[in-house]
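Engineer: A predicted structure for the sequence below; I have some questions about it.
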Amino acid sequence: MSKLPGLYFATQKDVSGTVVDEKNLPVPGVTVKNLATGKAVVTDVNGRFSIEAGDDDTLSFSFVGFITQNQKAGSTNVLSIKLVPSSTNLNEVVVVGYGTQDQNKITSAVAHVTPDEFRQSGSRNPLDLIQGKVPGLNLTRTSGSNPNSGVSVQLRGAVTVTGSSSPLYVIDGIPYSNANILDVLQQDDIASIDVLKDGSGAAIYGTSANAGVILITTKKGKEGPPQFDYSTYFRKEYVQRRQDFLTADEYRQKIAAGDIKQQDFGSSTDFYDQLINHDNLSQNHNLALSGGTNKTSYRASINYRDLQGIARENGRREYNLRLSVDQTGLNDRLKMQINLATNFNNANLLGGGGWESEATKNPTLSNFNPDGSYRFDLTSTNEYARLIQETSYRKQQTTTASAKTDLTIIEGLKASVFGSVVRDSYLDGQYRLKASENSVENTDFPRGGYAYRGTSLYQDFALEPTLQYNRIFAKKHNLTALAGYSYRYHIEEGASASNRGFINDLFHEDNLAQGSALALGKASMGSFKNDNTLIALFGRLNYAYNDKYLLQFIIRREGSSRFGDNNKFGYFPAVSAGWNVKQESFMQDVAFVNYLKLRVGYGVTGNSGFSNNASRVTLGGGGRYLYPDGQYLETYGPNRNPNPNLKWETKRELNIGLDFTLLNNRLSGTLDLFNRTTKDLLDTYTSPQPPFIQSSIYTNVGTISSKGIELGLSYAAIKTQNFRWSADATFSTLRNKLDSYSNDQYKVLYKTFGGIGGAGALGDAITTYEGGNLGEFWGKRFAGFTADGKWLFYNRNGEKVTNDVINNSKDRNVTDLAMLGNAIPKYYASLTNSFVYKNFDLRIFLRGKFDFDVLNTTALSYANKTWSGNLLQSTFSKYSQINDTYQYSDYYIESGTYVKLDEVTLGYNFKFKTKLIRGIRLYVTGQNLATFSGYTGSDPDFIQDTGTGPGVDNRGAYPSTRTFLIGLNCGF
């Protein structure tokens, strides 16, 4: 029987007390809630609280990192509460695909990262937030801080040669294999990022999961009063680690001294610097509002970002809208969630390149003629003029919409239906003025403008109904069963056209028909359209006995329109088990172990990331011919061999893991050992004619494998009333091999990767033999120089010989070439130190990659006096003996090992007595502050170290930048 309001509130009294932790230290910030009235207060810096409560009211005490505790107010007016730490947040909910699990019940390798662990980097991409935070997950930005670039992602090594190496991204249940979907996410909207690292967990996603699964959950509204959150930052970048080329004055001195035989044109120009946007200033603004009742909750956010690159005409302006609504009805048996998000992106794509060209020009030249006009020549591009006289942009909108309905049929049995739509469209435009170098030097339409326009539309549809049953038997047997169906449809289409010979610059790309090339048949146009469908049935069974012994079984049967007629469907099973060792009686007296769980899992996943129609005969144009009727007609013929046996690549993975908490919950960690093999690798092989029509065929042949160790640690070093220090570390080691690339029908004994490019036509730097490690540099072994500066190399017998007698064969039985190093880091590590003193917080984040090699192609090309433009300073010191043409050898291979001071953040949390302001935090961040490395080329952090062709330095790398950021977070 409910109490009358007047009588109820008449019995209220003030209950006060103190909340302490396991060391009897006060815990500030604990939420104390009266479950009867709904009123809540927060403990002060001394852990004290005061709240109104009746004798029969229950008070709830909750705080992150501790187990929530309920206590009846009783007849006393003073309470003393001691909170128990939750062992490494073991009660935290982790997203595992088509549902969630408590962390202490997980049996596969899953990494869970929350916002308090994110990097404070002003990220362009959500994956930037977890760089160095997940052991085994390697993220590389080969284009540095270019705001229009993406992140190269690799989990536990390379798993393919030509198939898709992109992980599957799942955002609030929406599956997508293209990283463009990440554009709809902003840092302040993300609640957690979960990574399914091994096959025993990823098998639930079948042929999309070979390269891993990254699940991103966005923030949702909660029951309570309306809340407003505003965050902003401003970011400034400065070039660092610029290559040491000669200045104009130094270049003149070398000419005068006879060290180089070049011409002094009388100017002094820093071409590289003229590409730099010294006035860059990026900004971000995010406003979110949320709230709700126990029936309806909502969260909406609006974001504006203006990201300016360190390069001129290189930026990205975005607007992002997001809405999430949750509704409960039918006596709480029906729950529905709707998510909408859209991103409008205006990208300036013109800048961001030309670094190699400008760094290596004769610095005594000028970008201008004596009369002030731009100087053009036929041997190089005036990059500065190009940025003024051309345009290149993209207008893009990426939109996602999803809805999920959960219906509790009976207690423990829930039916769900999830549906989503992703629409990614963009319009590209380019124009080059009549006076631009590209137009002036065009031989068909000299001094006629050039225009281009292209459109593309990518759409993805998904429908996934599921049925889930959860039941506890005899208080000790917990059974959870999931069954579902998945339908995904992808369609992409687009068109493009260009024209030349515009007689004025009035229309730009907005009136393509006005160009002269169209009438003469020299304009261009093209279009495309293709699609694919994927369907699957899947199931997962979880069993726990007394939360001590854990089992998980997964099976997925999946089919794709991309597969050959004989292999339309495949099965992807997985099994994993967990043992909570600490709950055993023999562990009860082991005081220093608070939690210990052993995991083992085995799973099969696939890779269907290859082109549509790859298994079918496709037709291509064969040219136009004059027919007897006097007409010129296009001919068509097969341009691809059919392969009805084409199927997915299959990865089999064994994972053994250990989760632990030690030393009174101060030290926690995760250790994983894995061994994975991908079979039926996809590639193009030479096919016999006949019976095949074409000379090559796309088929499944090879095997690639990787194995390694991953370790993550967290340590609460110091925890006092006013000061806390905690440290988080990750470590991983990896070995990747190409086990085979041949079978009885198709023979490929080796593959080459890592094109060197530049002068000399030097081919590929990396050769991977069957049975050999990925990333191996193979080439000549440097043996010195002759008296007149000519190259000497060792032959296979260890003799010094000149280059003309070196055997360059790839046959290991006769070649003089040798393995020179490996471009894949053997070890990855990171360390985060977090300090809190009263209202101040400080975080220092370091990460590094160790024991790997890099080919310094900048030195190879521009530390050789053969080059006619600008040269590196080292040309006249370290490389001064060279008096010969360009050569690739271990002379240019260096250690790439580095440690980077990646982030330092200092923040201050303002406290207010008013309830109108929840909190304000002001912080400053320095990013990429220092790199400790012996490598003499560009920043080793931005050199590709993923995939099959890593380790070749980019001569035209986007500049490495040191970043400073000031930000503000406000909660009302």
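Structural biologist: Thanks, I have the structure now.

Engineer: Lys737 contacts Asn773, doesn't it?
Structural biologist: Yes: when contacts are counted by CB atoms under 8 Å, Lys737 is listed as touching Asn773 (5.5 Å). In short, each C-beta sits where N, CA and C put it, glycine included.

Engineer: Which one of these two is surrounded by more residues?
Structural biologist: For Lys737 and Asn773, the more surrounded residue by other CB atoms under 10 Å is Lys737, and the numbers stand at 19 against 14.

Engineer: quick one: the helix or strand hosting that one to chain centroid distance?
Structural biologist: Using DSSP states H and E, Lys737 falls within strand 723-740. Averaging C-alpha positions (CA atoms, centre = their mean, to the nearest Å) puts strand 723-740 17 Å from its chain's average.

Engineer: go on, stretch 669-689?
Structural biologist: Centroid displacement of stretch 669-689 relative to its chain, using CA atoms, centre = their mean, is 21 Å.

Engineer: can you check stretch 640-647 too?
Structural biologist: Here stretch 640-647 shows a centroid-to-chain-centroid distance of 32 Å under the convention CA atoms, centre = their mean.

Engineer: and what of stretch 325-333?
Structural biologist: Relative to the centre of its chain, stretch 325-333 is centred 36 Å away, using CA atoms, centre = their mean.

Engineer: And for stretch 219-237?
Structural biologist: 23 Å.

Engineer: With stretch 625-634 instead?
Structural biologist: The answer for stretch 625-634 is 53 Å, by CA atoms, centre = their mean.

Engineer: Report the mean confidence score over that stretch.
Structural biologist: For stretch 625-634, the mean per-residue pLDDT is 82.

Engineer: Show me which residues of the helix or strand containing Phe344 are buried.
Structural biologist: Using DSSP H and E, Phe344 maps to strand 334-348. Within strand 334-348, the residues that count as buried by 16 or more other CB atoms under 10 Å are Lys335, Gln337, Asn339, Leu340, Ala341, Thr342, Asn343, Asn345, Ala347, Asn348.

Engineer: In this structure Gln488 contacts Glu558, no?
Structural biologist: Small correction: residue 488 is Arg, not Gln. No: contact criterion CB under 8 Å: Arg488 and Glu558 do not qualify, at 10.0 Å.

Engineer: who's in contact with Asp198?
Structural biologist: Ser108, Ala109, Gly601, Gly603, Glu653, Asn655, Asp672, Phe674, Arg676 (CB atoms under 8 Å, 6 or more residues apart in numbering).

Engineer: can you list the weak-confidence ranges in the stretch 1-150 of the chain?
Structural biologist: Across the stretch 1-150 of the chain, the ranges flagged by pLDDT under 70 are 1-10, 23, 64-65, 85-91, 121.

Engineer: ok, back up a step: name the strands paired with the strand holding Phe344 and say parallel or antiparallel.
Structural biologist: Note on strand 334-348: by DSSP bridges, its sheet partners are strand 315-329 (antiparallel), strand 390-410 (antiparallel).

Engineer: Centre of the chain to it, how far?
Structural biologist: Offset of strand 334-348 from its chain centre (CA atoms, centre = their mean): 20 Å.

Engineer: Near Gln689, how many other residues are there?
Structural biologist: Using other CB under 10 Å: Gln689 sits among 10 other residues.

Engineer: So it, which state does it fall into?
Structural biologist: Under DSSP: H, G, I helix; E, B strand; the rest coil, Gln689 falls in the coil class.

Engineer: quick one: Gly150 is in a strand?
Structural biologist: No: if the criterion is three-state DSSP, then Gly150 is coil and not within a strand.

Engineer: Ramachandran angles for the closest residue to it other than its chain neighbours?
Structural biologist: Take Gly150 and drop its neighbours on the chain: the residue closest to it by CB to CB, 6 or more residues apart in numbering is Ala179, 5.5 Å away. Here is the backbone geometry of Ala179 (degrees, to the nearest 10): phi -70, psi -10.

Engineer: In this structure Ala179 contacts Val151, no?
Structural biologist: Yes: using CB under 8 Å, Ala179 makes contact with Val151 at a distance of 7.4 Å.

Engineer: Mutual contacts of the two, please.
Structural biologist: Residues touching both Ala179 and Val151 (CB under 8 Å, 6+ apart): Asn125.

Engineer: and the next element down the chain from the lengthiest helix in the chain?
Structural biologist: Longest helix in the chain by number of residues, with DSSP state H as the criterion: helix 248-256. Sequence order places strand 282-292 as the next helix or strand after helix 248-256, per DSSP H and E.

Engineer: thinking again about what came up before, I'd like the contacts of Asp198 written out as CSV, with distance to Ser145 and secondary structure added.
Structural biologist: Below are the contacts of Asp198 laid out as CSV (distance: CB to CB, whole Å; DSSP: H, G, I helix; E, B strand; the rest coil):
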residue, distance to Ser145, secondary structure
Ser108, 35, coil
Ala109, 31, coil
Gly601, 38, strand
Gly603, 37, strand
Glu653, 34, strand
Asn655, 35, strand
Asp672, 32, strand
Phe674, 32, strand
Arg676, 33, strand
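
Engineer: ok, which stretches of the stretch 551-700 of the chain are strands?
Structural biologist: Counting by DSSP state E, counting those that start in this stretch, the stretch 551-700 of the chain has strands at residues 569-580, 593-607, 619-626, 632-638, 649-662, 667-679, 682-686, 696-700.

Engineer: re earlier: dump the buried residues of strand 334-348 into TSV; add pLDDT and distance to Val213 as well.
Structural biologist: Formatted as TSV, the buried residues of strand 334-348 follow (pLDDT from 0 to 100; distance: CB to CB, whole Å):
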residue	pLDDT	distance to Val213
Lys335	96	25
Gln337	96	21
Asn339	97	19
Leu340	97	23
Ala341	96	20
Thr342	96	24
Asn343	96	22
Asn345	95	25
Ala347	96	28
Asn348	97	33
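
Engineer: Buried residues, the longest helix of the chain. List them.
Structural biologist: Within helix 248-256, judged by 16+ other CB under 10 Å, the buried ones are Ala248, Tyr251, Arg252, Lys254, Ile255.

Engineer: circling back to that earlier point, which one of the strands of the stretch 551-700 of the chain lies closest to Lys878?
Structural biologist: Nearest of these to Lys878, taken as CB to CB: strand 682-686 at 39.8 Å.

Engineer: can you pull the buried residues of that closest one?
Structural biologist: In terms of neighbour count (16+ other CB under 10 Å), strand 682-686 has its buried residues at Leu682, Asp683, Tyr685.

Engineer: Quickly list what the first one is bridged to.
Structural biologist: So that's Leu682. Per DSSP bridges, the residues bridged to Leu682 are Asn700.

Engineer: quick one, what contacts it?
Structural biologist: Contacts for Leu682 were tallied using CB under 8 Å, 6+ apart; they are Thr160, Val161, Thr162, Gly163, Asn607, Phe610, Leu646, Glu649, Tyr698, Thr699, Asn700.
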